[in-house]
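> pasting the sequence and the predicted model now:
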Amino acid sequence: MGTFYVTTPIYYVNAAPHMGHAYTTIAADVMARHHRQRGDEVFFLTGVDEHGEPVANAADALGMTPQALADQNAERFRSLMPRLNASNDFFIRTTDPEHKAKVQEVLVRIKDNGYVYKDHYEGWYCPRCADFKSEAEIEDGSRCPIHHIELTMEKEENYFFKLSAFQERLEQHYADHPEFVGPRHRANEALSFIKGGLQDVSLSRAKLTWGVTVPWDEDHVFYVWFDALLNYYTALSYAKPGEDLTGTFWPPQQHVIGKDILKFHAVFWPALLMAADLPLPERLYIHGYLLMDGEKMSKSLGNVLDPFVVMDRFGTDALRHYVLRDVTFGQDGSVSTEAFEQRYESELANGFGNLASRSIAMVRKYRDGAVPHVEPELREDFDGLADEVAALIDRAELTPALELVWERVRRLNRYVEETTPWALAKDPANAERLDVVLATLIEGVRVVAVLLAPVLPETVDKLLAALNAPDIAYAGATLTAGAVTQVDVLAPLFPKDLPPAPVAA
Ligand code: MSP
């Protein structure tokens, strides 16, 4: 048992929450819930990134102050979290005064350590990425490779962060910590970026006012990325009123991010921490994009599968299940309503839901709800399972971890077909055999439920309540005789009579 500090990126408030944001949040939440089951002391952080040019521009266009727009939009992300059943321990906003003060404190330390200087900068800039692009990155016609909009040539006097000073130390860190960035090909990508030679980066913007003021030169605000990255550190100092959690939780065990922000997290961020003499995070995990029609879903491209609509129709657990099952976590993959509905029906309703319902129904019918106290079968199918699942989750391999559990759901359904308990029930001479089958089914369902609790928290709550075995501690994820003694009626976990799909506007 130890501590487990896990984070999501903080999301830009300049548009509405979409499936991509839900995706990262769900993945990080699964890790947080899994570690709580293992008895770890967990801190799960998410929140919003409120500064920078896009927010200032959007507010301007709406005739609002940036703060008013940020307040309004931050609320949409804050309320997404309980809808997703995210168990975050804090929701950070980069406009929190405590965050801003801490950002200033850390960056002053970096300046005092000699890693900040003033110079001119000129380059291609994408206002939507809030990032300068190198010549190698830009598309034909000076366009952003992500947003396909025309880039502007910007020149200004800035403070710079001496990223170049960290080239060797970063290379060494990657060599010494092969687990630092996963999956492996992302570590290689980051490392080749580093080995390609690091240029110093802009630390401040002079033309903007919507940001954290540079304390030694109040005509500047910090470049939004440095303000944003530091959220992972600043949050711990004020998340719990009256207590500083930094000593308990720093450094993080796991940052979860999408591949679009690899460079910032795998290069800038460790260098920034080195410059501030702070310990580095243990692991970054870089997941892929959810794609619709082959393009990344994002607010600026407009092709959004609305997570709120999906959750309204199918429930939050169904969304959580779908995104982690249908697309291998760590790779890009297409999502679609058809695939969603198919998985809902085959895996959730017919697979797991039906297994749970019929197991409970048979114990109620043949044994008045009393689970026979006998040794369950299928030991060979369940031995070592919990450890294997935990090992995969530790490597952020969420999809293979889930597959191991779903193999057991399928195994249990096959077991029902093989043992035909309804036939055994016809002859009292088979009573002992029926006892074993029923005990095995209930115990198998319970173990599978404990392992699925991080992904399907609501469903598992209901199911374990019907088994009168609400404990989801990870130690209970092994077959045990007598873990459940009495079962109660269970309403369908994944109903098939769903509300119709809303008509597109
Ligand atoms: N504010 C920055 C992050 C700062 S972290 C210190 C930012 N925000 S964002 O709102 O654009 O969110 C980006 C993140 O949202 C991605 O890294 C990823 O986690 C998630 N996703 C956004 N679109 C996505 C997909 N289409 N697919 C999967 N995840 C995606 O960048």
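Received, thanks.

> tell me how far residue 122 lies from the ligand.
Residue 122 sits 24 Å away from the ligand when distances are taken as C-beta to the nearest ligand atom, to the nearest Å. C-beta here means a position set from N, CA and C on the backbone, and glycine is covered the same way.

> name the helix or strand for that residue, please.
strand 116-126 (DSSP states H and E).

> sheet-wise, list the partners of that strand with their directions.
Sheet partners assigned to strand 116-126 using DSSP bridges are listed as strand 131-133 (antiparallel), strand 152-161 (antiparallel).

> how about the residue of the stretch 101-250 of the chain found nearest the ligand, what does it touch?
Of all residues in the stretch 101-250 of the chain, residue 228 sits closest to the ligand, at 3.9 Å by C-beta to the nearest ligand atom. Taking C-beta atoms under 8 Å, 6 or more residues apart in numbering as the contact definition, residue 228 lies against 10, 49, 51, 94.

> report how many residues lie close to whichever residue of the stretch 251-400 of the chain sits closest to the ligand.
For the stretch 251-400 of the chain, the nearest residue to the ligand under the criterion C-beta to the nearest ligand atom is residue 258, separated by 2.7 Å. Residues within reach of residue 258, counting by other C-beta atoms under 10 Å, total 20.

> partner residues bridging it?
When assigned by DSSP bridges, residue 258 has beta-bridge partners residue 287.

> show the pLDDT at it.
Model confidence at residue 258, expressed as pLDDT, equals 98.

> and residue 76, what helix or strand is that in?
In this structure, residue 76 is located in helix 66-83 according to DSSP H and E.

> give me the contact list for that helix.
Everything outside helix 66-83 that qualifies as a contact, by C-beta under 8 Å, 6+ apart, is 11, 13-17, 21-22, 25, 46-48, 50, 55-56, 58-59, 62, 86, 88, 91, 93, 95, 210, 307-308, 311, 316.

> just the ones in strands from the residues you listed, please.
With strands taken from DSSP state E, the overlap with the contacts of helix 66-83 comprises 11, 46, 47, 48, 91, 93.

> find the nearest non-adjacent residue to the second one, please.
Spelled out, that is residue 46. residue 8 (4.3 Å; C-beta to C-beta, 6 or more residues apart in numbering).

> adjacent strands (with direction) for the helix or strand containing the one you found?
Per DSSP H and E, residue 8 falls inside strand 3-12. Take DSSP bridges as the rule and strand 3-12 pairs in its sheet with strand 41-49 (parallel), strand 254-258 (parallel).

> filter the ones in strands among the contacts of helix 66-83 down to the ones near the ligand?
Of the entries in these, those that also sit close to the ligand under the rule C-beta under 6 Å from any ligand atom are residue 11.

> out of the ones in strands among the contacts of helix 66-83, which end up buried?
When burial is judged by neighbour count using 16 or more other C-beta atoms under 10 Å, the buried members of the ones in strands among the contacts of helix 66-83 are 11, 46, 47, 48, 91, 93.

> I'd like the residues you listed as TSV, with pLDDT appended.
Below are these laid out as TSV (pLDDT from 0 to 100):
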residue	pLDDT
11	97
46	98
47	98
48	98
91	98
93	98
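
> which of these lies closest to residue 332?
When those are compared for distance to residue 332 (C-beta to C-beta), residue 11 comes out closest, at 19.6 Å.

> so who does the closest one touch?
When contacts are taken as C-beta under 8 Å, 6+ apart, residue 11 is in contact with 17, 21, 46, 47, 48, 49, 77.

> so where is this protein shaky, pLDDT-wise?
Counting by pLDDT under 70, the chain contains low-confidence ranges at 130, 293-305, 499-505.

> show me what from it comes close to the ligand.
9-12, 20-21, 23-24, 49, 228-229, 231, 257-258, 260-261, 289-290, 296-298.

> for ChimeraX, what selects the buried ones among the residues you listed?
To isolate in ChimeraX the members of the residues of the chain next to the ligand that are buried, counting by 16+ other C-beta under 10 Å, one can use:
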select :9,10,11,12,20,21,23,24,49,228,229,231,257,258,261,289,290,296,297,298
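
> isn't residue 316 right up against residue 84?
Yes. Under the criterion of C-beta atoms under 8 Å, residue 316 is in contact with residue 84, at a separation of 6.2 Å.

> shared neighbours of these two, anything?
Overlap between the neighbourhoods of residue 316 and residue 84 is empty, taking contacts as C-beta under 8 Å, 6+ apart.

> just to check, residue 367 is in contact with residue 439?
No. Counting by C-beta under 8 Å, residue 367 does not reach residue 439; the two are 9.7 Å apart.

> list the buried ones in stretch 208-228?
Along stretch 208-228, these residues count as buried under the neighbour rule (16+ other C-beta under 10 Å): 208, 210-214, 220-228.

> of all the residues in this protein, which one is nearest the ligand?
Checked against the ligand (C-beta to the nearest ligand atom), the nearest residue in the chain is residue 20, 2.3 Å away.

> number of residues surrounding the closest residue in space to residue 135 that isn't next to it in sequence?
Distances taken as C-beta to C-beta, 6+ apart put residue 124 closest to residue 135, at 7.7 Å, once the chain neighbours are dropped. If you count neighbours by other C-beta under 10 Å, residue 124 ends up with 19.

> perfect, I'm done here.
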